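Colleague: model the structure of this input:
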Amino acid sequence: MFEKFIQKHLNADVPEPATADNAEATAAIPKEPVQTAHDDFDWSVDKRNVTSYNKDEKEKYDKVYENTFVQLNDGELMKGTVVGLTKTDVVLNIGFKSDGLISLNEFRDIPNLKVGDEVEVMVVEKEDREGHLNLSRRQARITRAWEKIVEVHKTGEVIQGIVTSKTKGGLIVDVFGMETFLPGSQIDVKPVTDYDQFVGKTMEFKVVKINETIKNAVVSHKALIESDIEAQRAEIMSKLEKGQVLEGTVKNITDFGAFMDLGGLDGLLYITDISWGRISHPGEVLKMDQKVNVVVLDFDDEKKRISLGLKQLTPHPWDVLPENIAEGNIVKGKVVNIEDY
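Modeller: As a prediction, this is how the structure comes out:
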């Protein structure tokens with residue numbers, strides 16, 4: 001008994017061995033609950049001034065919460081602010097519930113890009129498979145470039161582009177940051193065989209054809225040259241008079257005459273108006289690219305046809321006969337041709 005007393009009062013932490021005598025007494029003593037560190041906290045405080053919501057109300061408030069963010073559609077153009085930069089990506093905030101990442105490669109034209117800069121981007125996907133906001137600056141630039149190309153095609157405005165490379169049948173031209181096609185036949189009014197000479201050059205163009213479906217555009221430099229030539233033609237025609245003397249360049253030689261470039265306007269010099277003497281082919285008197293003075297014999301303003309003369313700039317041989325040749329005199333001559341008449 002003494003041992004039990006000592007164990008009970010001096011060593012309360014040591015449990016009393018279970019015996020038949022005390023088992024019944026132990027079972028009769030009620031067990032007190034174990035108290036934890038948070039048992040004295042009044043948990044009823046979480047219900048004070050709090051309203052519970054049913055499913056419909058929760059959906060309603062979720063919708064209100066969603067409306068605090070910018071509403072996006074795939075393919076939409078948005079202004080975004082750079083909020084972060086990494087070694088590979090740019091973090092953009094466009095006012096949506098999550099920020100978007102764009103590869104740093106799409107900003108190579110902005111070497112000094114920094115946090116706070118504002119750029120235009122396209123919403124590719126509001127949420128991809130992983131729930132991320134998918135943005136693209138490149139697609140935004142292409143969209144804006146296409147809008148400008150469509151506009152200048154309507155207005156006929158002259159634009160500048162950089163010839164970036166050679167391709168089959170022509171050249172690739174960068175216009176507003178978008179690739180366009182320059183056919184070889186649209187480079188110049190004269191045939192071009194060496195395309196490499198144009199690569200890297202900045203030139204002026206007109207958009208002559210677009211395809212809205214595939215967003216493809218065809219440009220022309222030749223159209224500008226032709227436009228300039230047409231302006232020169234109009235100016236020449238407005239000042240043209242019969243008997244007027246002009247300088248021309250031999251552009252082409254045929255059996256029936258020679259075509260002369262009068263500075264943007266072509267005129268025809270017939271073989272019979274080349275020389276007072278008899279010639280069998282214009283090439284006997286004229287050569288390609290030769291510059292000669294010609295006189296305007298006639299012209300048609302509507303058809304833009306000009307008849308030219310060369311022999312008319314020299315006196316008629318009968319008007320400058322030697323004084324010893326007179327009516328009734330006997331002279332010697334050379335047979336140059338025989339006709340039926």
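
Colleague: now do the helices in the protein.
Modeller: Using DSSP state H, the helices found in the chain span residues 2-10, 20-28, 55-66, 137-155, 222-239.

Colleague: surely Asp228 meets Gly264?
Modeller: Yes. Counting by Cβ atoms under 8 Å, a contact exists between Asp228 and Gly264, whose distance comes to 7.5 Å. For the C-beta atoms, the positions are set from N, CA and C on the backbone; glycine is no exception.

Colleague: higher neighbour count, the two?
Modeller: The neighbour count for Asp228 versus Gly264, taken as other Cβ atoms under 10 Å, is higher for Gly264 (16 against 12).

Colleague: quick one, phi/psi of the more buried one?
Modeller: Here is the backbone geometry of Gly264 (degrees, to the nearest 10): phi 110, psi -10.

Colleague: how about the one 10 residues further on?
Modeller: Geometry field for Ile274 lists phi and psi as phi -90, psi -40, criterion degrees, to the nearest 10.

Colleague: can you check the one 4 residues further on too?
Modeller: Reported as degrees, to the nearest 10, the phi and psi values for Arg278 are phi -90, psi 130.

Colleague: and it, how far from Val336?
Modeller: 6 Å (Cβ to Cβ, to the nearest Å).

Colleague: and Leu308, by the same measure?
Modeller: From Leu308 to Val336 the distance is 25 Å (Cβ to Cβ).

Colleague: settle it for me: which of those two has more neighbours?
Modeller: Leu308 (27 against 7).

Colleague: okay, and the beta partners of the more buried one?
Modeller: With DSSP bridges as the criterion, Leu308 is bridged to Leu269, Val296.

Colleague: give me the distance between Met288 and Gly84.
Modeller: 67 Å.

Colleague: ignore what I typed, I meant Ser280.
Modeller: 84 Å.

Colleague: ditto for Val152
Modeller: Counting by Cβ to Cβ - Val152 and Gly84 are separated by 37 Å.

Colleague: more neighbours: which of these two?
Modeller: Under the neighbour definition other Cβ under 10 Å, Val152 and Gly84 were set side by side, and Val152 has more, 19 against 12.

Colleague: isn't the more buried one right up against Val208?
Modeller: No. Between Val152 and Val208 there is no contact under Cβ under 8 Å: 10.8 Å.

Colleague: so what's Thr88 closest to, chain neighbours aside?
Modeller: Excluding the flanking residues, the one nearest Thr88 by Cβ to Cβ, 6 or more residues apart in numbering is Leu104, at 5.7 Å.

Colleague: again, but for Val208
Modeller: According to Cβ to Cβ, 6+ apart, the nearest residue to Val208 is Ser220 (4.6 Å).

Colleague: contact partners for the one you found?
Modeller: 182-183, 186, 205-206, 208 (Cβ atoms under 8 Å, 6 or more residues apart in numbering).

Colleague: how close does the residue nearest the centre of the chain sit to Met288?
Modeller: What sits nearest the mean C-alpha location of the chain, by Cα atoms, centre = their mean, is Met178, with 2.6 Å. Distance, Met178 to Met288, using Cβ to Cβ: 42 Å.

Colleague: next: Asp74.
Modeller: 62 Å.

Colleague: same deal with Val189?
Modeller: 17 Å.

Colleague: pLDDT below threshold where in this protein?
Modeller: 1-54, 57-71 (pLDDT under 70).

Colleague: now do the strands in the stretch 101-250 of the chain.
Modeller: In the stretch 101-250 of the chain, strands defined by DSSP state E, counting those that start in this stretch lie at 118-125, 133-136, 159-167, 170-175, 178-183, 202-211, 216-220, 245-253, listed in chain order.

Colleague: okay, the ones you listed in a markdown table with distance to Val296 next?
Modeller: Output for the strands of the stretch 101-250 of the chain, formatted as a markdown table (distance: least, Cβ to Cβ, whole Å):
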| stretch | distance to Val296 |
| --- | --- |
| strand 118-125 | 58 |
| strand 133-136 | 62 |
| strand 159-167 | 38 |
| strand 170-175 | 39 |
| strand 178-183 | 36 |
| strand 202-211 | 32 |
| strand 216-220 | 32 |
| strand 245-253 | 7 |
